[in-house]
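Novice: Build me a model:
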Amino acid sequence: MRRKLVVGNWKMNGSRAANAELLAGLNAAGPWDAAVAVCSPFPYLGDVALSLQGSRIQWGAQDCSAHESGAFTGEVSASMLAEFGCHFVIVGHSERRALHGESDQLVADKAKAALAHKLTPIVCVGETLAEREAGETDHVVKRQLSAVIHTLGHCISQVVVAYEPVWAIGTGKTASPEQAQAVHALLRAQLHAATTKSDEMLILYGGSMKPDNAVQLLGQADIDGGLIGGASLKAADFAAICKAAG
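Specialist: Sure, this is the predicted structure:
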């Protein structure tokens, strides 16, 4: 049985004071039966590492470069993240794909760079509202995941996949548990064709999971946890989701 994983994605939010208060709240609320992690903005990784040292909450970053080092102003390499004790790094988030033009191949290359430094990439896939309404959901998510499978080969078993329906992020809309499960099952089948370890791999749901819908979503057969946005900024809400995952 797969142990659930709940990951908080703070996005571009937080301050040193607010982060300290949030992490203190989480440390006080845990531990949980589920695995738990938070992914903070780059400048706060040192603070997060110090705050969570010795706790059962892991930490990570929201992106990394596909390059090891060099003249890439503003970029952060996987090796730098590893120095801060990061366990996870999110790659291919819908906001990176949409706002920064990241291609499927670039996302795959970032995942490869992360694995090279023993980071676990959380590979995001998902469709827009227009793509869903056009009946292209299956095609889009399979195309996005296929690039990562092709690039990583047998190492695909070392990643975490996150399905984030773009139309359900920050819009007030949420995929029904059945809609989410259908895509998770599709992704599981695709992974099954690529690795014998597909049944052990985690597929997270990243479409506005909140305390009031977490139990229903997490009860689906192929939903192994959540990639949590807004709710991860409130200790009580995030803790409630972590409890539901347990």
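
Novice: I'd say residue 89 and residue 63 touch.
Specialist: Yes: assessed by Cβ atoms under 8 Å, residue 89 is found in contact with residue 63 at 7.0 Å. In short, each C-beta sits where N, CA and C put it, glycine included.

Novice: just the helices in the protein please.
Specialist: All helices of the chain, identified by DSSP state H, fall at 16-29, 45-52, 78-83, 94-100, 104-116, 129-133, 137-152, 177-194, 214-218, 235-245.

Novice: Compare residue 89 and residue 63 (neighbour count), which wins?
Specialist: Set side by side, residue 89 and residue 63 show more neighbours around residue 89, with 26 against 21, by other Cβ atoms under 10 Å.

Novice: need the contact list for the more buried one.
Specialist: 39, 60-64, 78, 81, 110, 114, 119-122 (Cβ atoms under 8 Å, 6 or more residues apart in numbering).

Novice: Kindly recompute the last result at 10 Å.
Specialist: 39, 60-64, 76, 78, 81-82, 110-111, 113-115, 117, 119-123 (Cβ atoms under 10 Å, 6 or more residues apart in numbering).

Novice: Residue 191 - nearest residue in space that isn't next to it in sequence?
Specialist: Leaving out its chain neighbours, the residue that sits closest to residue 191 by Cβ to Cβ, 6 or more residues apart in numbering is residue 198, at 4.0 Å.

Novice: Counting neighbours, what do you get for the one you found?
Specialist: With other Cβ under 10 Å as criterion, residue 198 counts 17.

Novice: Can you tell me how far it is from residue 188?
Specialist: Separation of residue 198 from residue 188 (Cβ to Cβ, to the nearest Å): 6 Å.

Novice: Ok, residue 179 next?
Specialist: 15 Å.

Novice: The two - which one has more neighbours?
Specialist: residue 188 (18 against 15).

Novice: my guess is the more buried one meets residue 200, correct?
Specialist: No: with contacts counted by Cβ atoms under 10 Å, residue 188 stays clear of residue 200, the gap being 11.0 Å.

Novice: Flag every buried residue along the helix or strand of the chain with the lowest mean pLDDT.
Specialist: Lowest on mean pLDDT, DSSP states H and E among the helices and strands of the chain sits helix 129-133, with a mean of 91. Neighbour-count burial for helix 129-133, counted by 16 or more other Cβ atoms under 10 Å, picks out 131, 132.

Novice: contacts for it?
Specialist: Under the contact criterion Cβ under 10 Å, 6+ apart, helix 129-133 has outside partners 126-127, 136-137, 139-141, 165-168, 171, 173, 175, 179, 183.
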